[in-house]
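Asker: the following comprises the amino acid sequence and a computationally predicted model.
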Amino acid sequence: MSIQVNNITKLYGAQKALNTISFEVGSNEIVGFLGPNGAGKSTMMKILTCYIPPTEGSAKVCGFDITSQSLEVRKQIGYLPEHNPLYLDMYVKEFLEFVGGIYKIKNLKSRVKDMIEMTGLQVEQNKKIGALSKGYRQRVGLAQAIIHDPKVLIMDEPTTGLDPNQLEEIRGLIKALGKEKTVMLSTHIMQEVEAICDRVIIINKGEIVANDETKNLQKNTTQQIITVEFDKEVSEKLLHKITNIEKVKHLQGNTWQLSSTSTEDVRKDIFNFAVANNLSVLTLNKEEQKMEDVFKELTKK
């Protein structure tokens, strides 16, 4: 396992930011670390990157203990924090050479050139970082995080400030990196999770409320949304009588959206209703749950 977290607790005075958190992240896995604001995501990432110590518990990165072997841990990790700290008066190439020099990278100029190409900084490479847009500053932050070829990449809101084209490029880069590295990222963009994450860990109020593959979380949520079209008019009042249906919404013509939180598949109830009321079902579609719906359901409990 690239990351092993065992019963981590973090206190800020009397406030408990993390409450006995445990999880593992395997090699070459892209994991989304999600939660509402203040849930403890950034705190967990700062602990794993040795910026702050845990109050209780232990963790290992690539087999190295974050407390007793913190220097070794830092060699294994590339970190892009939420508030990307950059030297604004330095030029892009100058900054990357500075960071690479700290890591004592061989063939540094060649490595900097590769990082600039990989993160799409060619056009901006001769500018001062302070003159860059927020999106390009994020690219510089990502370049510095991977310049030393770490085994584990931890990113806190990596696509903040990127336009749609940049989003697609950076997502592609993260997916490519995930084939060779362990990637753990936090984000509020649920489409990003669906697009690139193999697994999702959701925390709420300092505790883990979900830890599963992305597709399983979407499949196992209790919310069902069915779009059905009948061959003739039917009243909303009558639709409310369908077993397990809780919400009814008229879309157009004879097409309705029906919602249920039942663990049973309600499509058979809709079909039985149609037969009992002399209706024909022209179309019946069960929507796949979006990650946003799963997130809302798990963090509002």
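Answerer: Perfect, I can see it now. Numbers count the residues shown, from 1 in each chain.
Asker: excluding chain neighbours, give the residue nearest to the residue sitting nearest the centre point of the chain in space.
Answerer: In the chain, the centroid-proximal residue (Cα atoms, centre = their mean) is residue 32; its distance is 3.3 Å. By the measure of Cβ to Cβ, 6 or more residues apart in numbering, the closest residue to residue 32 outside its immediate chain neighbours is residue 197, 3.8 Å from it. All C-beta spots, glycine's among them, are computed from the backbone N, C-alpha and C.
Asker: residue 176 versus that neighbour, what's the distance?
Answerer: 14 Å (Cβ to Cβ, to the nearest Å).
Asker: same thing with residue 164?
Answerer: 19 Å.
Asker: which one of those two has more residues nearby?
Answerer: Neighbours were counted for residue 164 and for residue 176 using other Cβ atoms under 10 Å; residue 176 has more, 11 against 7.
Asker: which SSE is that one in?
Answerer: For residue 176, the element it lies in under DSSP states H and E is helix 164-177.
Asker: restricting to C-alpha, output the helix or strand that comes right after that helix in CSV.
Answerer: Per DSSP H and E, helix 164-177 leads on to strand 182-186 as the next helix or strand towards the C-terminus. Extracted C-alpha coordinates of strand 182-186, given in CSV (Å, rounded to 0.1, in the frame of the first residue of the first chain):
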residue,chain,number,x,y,z
THR,A,182,-0.6,6.9,-6.5
VAL,A,183,-2.8,10.0,-6.7
MET,A,184,-5.0,11.4,-3.9
LEU,A,185,-6.9,14.5,-4.7
SER,A,186,-9.6,16.6,-3.0
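Asker: which neighbouring elements make contact with the following helix or strand past strand 182-186?
Answerer: Per DSSP H and E, the first helix or strand lying C-terminal to strand 182-186 is helix 190-196. When contacts are defined as 3 or more Cβ pairs under 8 Å, 6 or more residues apart in numbering; DSSP states H and E, helix 190-196 sits against strand 30-34, helix 164-177, helix 214-220, helix 291-299.
Asker: out of those, which one sits most buried?
Answerer: Most buried of those, by mean neighbour count (mean count of other Cβ atoms under 10 Å): strand 30-34, with a mean of 25.
Asker: shaky segments in the stretch 101-250 of the chain?
Answerer: Residue ranges of the stretch 101-250 of the chain with pLDDT under 70: 218-222.
Asker: so when I look at residue 11, I'm seeing a strand, right?
Answerer: Yes: assignment of residue 11 by DSSP: H, G, I helix; E, B strand; the rest coil places it within a strand.
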